[in-house]
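Novice: sharing a sequence plus its predicted fold:
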Amino acid sequence: MGSEHSRRRILTNGLALAALWTTGTACSASAGNVPPRGGAIPDPVRFLRTSWSTDPFALCSYSYLAPNELGTRVRPLLAEPVGRLHFAGEATSAEAPATTHGALESGQRAAREITAGAGDSVVVVGSGFSGIACARALADRGVAVTVLEGRDRVGGRTWTARLGETPAEMGAGWIHGYRRNPMTDLLDATGGRRYNWDDDNVAGRDEAAFKELARYQEKLATVENPDATPMSSVFPNPLTPDLSYAANVVYSQEYAADIDQIAVSADEEGRPMRGNDLLLPDGYDKLLAHLRGNVAVRTGAVVTTVAHRPDGVTLTLASGETVQAGHVVVTVPIGVLKAKSITFDPPLPPAKQQAIDAVGAGLMDKLWLEFPEVFWDRDADVIEYFDHDHPGRWDWWVNGHKVFGKPFLIGFNAGRPAHELAHASDQEVLKSGMDALRRMYA
């Protein structure tokens with residue numbers, strides 16, 4: 001994947017499903033569930049998988065710009081406050097959509113919007129980087145703030161699990177463009193290690209497929225209405241297998257959607273990223289914890305209704321409890337807003353709802369695999385795979401050995417291939433990923 005299409009990837013936010021498998025134990029003994037050993041490829045020792053579209057607190061991985069008449073103006077419209085009701089999150093960031101630093105900056109922006117009067121309090125819905133950044137900024141100003149999180153953990157779509165003792169990012173994994181980036185400031189403050197990512201250091205790429213893709217990419221600059229036109233408009237229908245694979249690597253692995261869902265103008269969003277991308281061998285959770293400080297978060301608090309009035313707001317939780325405040329900042333993912341999981345009373349203005357409808361909810365899922373030994377290219381940062389029968393499936397892998405010094409591979413599915421496996425069982429996803437690896441290294 002070229003660097004022009006890796007700069008904004010937040011990479012699958014939040015856990016949906018996680019599984020642990022140790023070969024030789026009762027956990028792997030169910031007949032038909034363990035993929036057969038083939039060739040020289042060993043069975044994995046442990047694995048983790050995500051399924052973000054089935055997570056009710058996410059319903060997506062991160063946002064993308066879908067074809068719409070509002071174009072890139074849609075994100076400022078999504079961020080616009082409605083009286084005492086404020087919005088933050090990566091989907092509201094016009095400067096850095098689909099990134100952790102875009103989320104953080106959006107939370108700080110929402111905090112600046114709030115002028116709290118004497119005795120006023122603020123409720124922040126969601127404890128990802130946007131929610132925590134907003135709450136921290138308000139608390140630093142002496143404003144009474146309550147953070148409500150529906151999950152039983154803090155972090156939202158930033159979630160660091162563990163494979164053994166190694167941090168495994170289920171959601172946000174990269175710092176994109178480390179220079180003049182608030183995430184880098186947090187990394188420096190925690191003393192965490194960094195791995196300088198090189199997404200041009202690729203093994204396994206099918207160069208002929210990318211040459212075919214390049215012939216069509218040139219036509220994107222000639223599209224007359226890039227805001228309302230999908231990228232697929234310049235490609236043949238149906239796509240050839242070569243184009244399907246290459247387009248997935250370049251576009252789906254960036255935007256978490258397929259080219260018929262992504263606006264041509266999506267490539268124009270955001271400010272340029274400065275510096276290379278970083279991976280965090282010590283885990284993203286340390287950065288979030290440092291930002292949070294002593295800000296309290298109430299977990300297991302599922303907000304179902306937000307009643308907003310000129311004199312304040314009242315939130316109703318799934319338990320029936322109500323919480324009152326002077327302002328509320330909603331930081332839930334765009335997938336949750338699109339699903340109308342939260343009822344707003346009165347309903348959101350038509351322009352706000354139009355913005356919600358216009359922003360896409362992308363899907364990218366991961367499969368973390370730990371092996372007893374390294375059998376792949378030790379020097380590559382990225383390993384690509386062209387499955388001619390299922391172009392785009394398991395086409396992009398990160399060499400975790402270079403990052404962690406341990407035999408990890410992390411496979412990614414984005415767009416259609418991710419949706420095809422989203423409701424599969426853990427063992428089905430594991431078998432699918434292992435089948436791909438065994439074909440790659442047969």
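Specialist: Perfect, I can see it now.
Novice: can you pull out the strands in the stretch 1-150 of the chain?
Specialist: 46-49, 62-65, 85-87, 121-125, 144-148 (DSSP state E, counting those that start in this stretch).
Novice: counting contacts, what elements does the shortest one pack onto?
Specialist: When contacts are defined as 3 or more C-beta pairs under 8 Å, 6 or more residues apart in numbering; DSSP states H and E, strand 85-87 sits against helix 100-113, strand 327-330. For the C-beta atoms, the positions are set from N, CA and C on the backbone; glycine is no exception.
Novice: which other residues reach it?
Specialist: The contact list for strand 85-87, computed with C-beta atoms under 8 Å, 6 or more residues apart in numbering, reads 78-81, 110, 113-114, 306, 308, 313, 327-331, 344.
Novice: of those, grab the buried ones for ChimeraX.
Specialist: A single ChimeraX command is used to select the members of the contacts of strand 85-87 judged buried by 16 or more other C-beta atoms under 10 Å:
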select :78,79,110,114,306,308,313,327,328,329,330,331,344
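Novice: hang on, the earlier thing: which one, of the strands of the stretch 1-150 of the chain, ends up nearest to residue 421?
Specialist: When the strands of the stretch 1-150 of the chain are ranked by proximity to residue 421, the top entry is strand 46-49, at 8.7 Å, counting by C-beta to C-beta.
Novice: buried stuff in the closest one?
Specialist: 46-49.
Novice: kindly report the same for stretch 426-436.
Specialist: For stretch 426-436, a neighbour-count test (16+ other C-beta under 10 Å) marks 426-427, 429-436 as buried.
Novice: just the ones of those residues in helices?
Specialist: 426-427, 429-436 (DSSP state H).
Novice: can you put the buried residues of stretch 426-436 in CSV and add pLDDT and distance to residue 165?
Specialist: Shown next, in CSV, are the buried residues of stretch 426-436 (pLDDT from 0 to 100; distance: C-beta to C-beta, whole Å):
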residue, pLDDT, distance to residue 165
426, 97, 22
427, 97, 25
429, 98, 24
430, 98, 22
431, 97, 27
432, 98, 27
433, 98, 23
434, 97, 24
435, 97, 29
436, 97, 27
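Novice: now for the residues you listed, which pair is the farthest apart?
Specialist: Applying C-beta to C-beta across the buried residues of stretch 426-436, the maximum distance is between 426 and 436, 16.2 Å.
Novice: how much space is there between the closest residue to residue 416 other than its chain neighbours and residue 156?
Specialist: Of all residues not flanking residue 416 in the chain, residue 258 sits nearest, at 5.4 Å (C-beta to C-beta, 6 or more residues apart in numbering). Going from residue 258 to residue 156 by C-beta to C-beta, to the nearest Å gives 25 Å.
Novice: confidence score at the nearest residue to residue 310 once chain neighbours are set aside?
Specialist: In this structure, residue 310 finds its nearest non-sequential neighbour in residue 83, 6.4 Å apart by C-beta to C-beta, 6+ apart. Note on residue 83: pLDDT of 95.
Novice: ok, residue 83 - contacts?
Specialist: Residue 83 is in contact with 308-310, counting by C-beta under 8 Å, 6+ apart.
Novice: so how far is residue 127 from the nearest residue to residue 62 once chain neighbours are set aside?
Specialist: Distances taken as C-beta to C-beta, 6+ apart put residue 98 closest to residue 62, at 4.3 Å, once the chain neighbours are dropped. For residue 98, the distance to residue 127 equals 19 Å [C-beta to C-beta].
Novice: the two - which one has more neighbours?
Specialist: For residue 98 versus residue 127, the count of surrounding residues by other C-beta atoms under 10 Å is larger for residue 98: 30 against 27.
Novice: residue 92 is in contact with that one, correct?
Specialist: No - with contacts counted by C-beta atoms under 8 Å, residue 98 stays clear of residue 92, the gap being 11.3 Å.
Novice: helices of this protein, residue ranges please.
Specialist: With DSSP H as the criterion, the chain has helices at 74-79, 100-113, 129-140, 182-190, 207-217, 241-247, 253-255, 285-292, 334-338, 350-358, 400-404, 416-421, 426-440.
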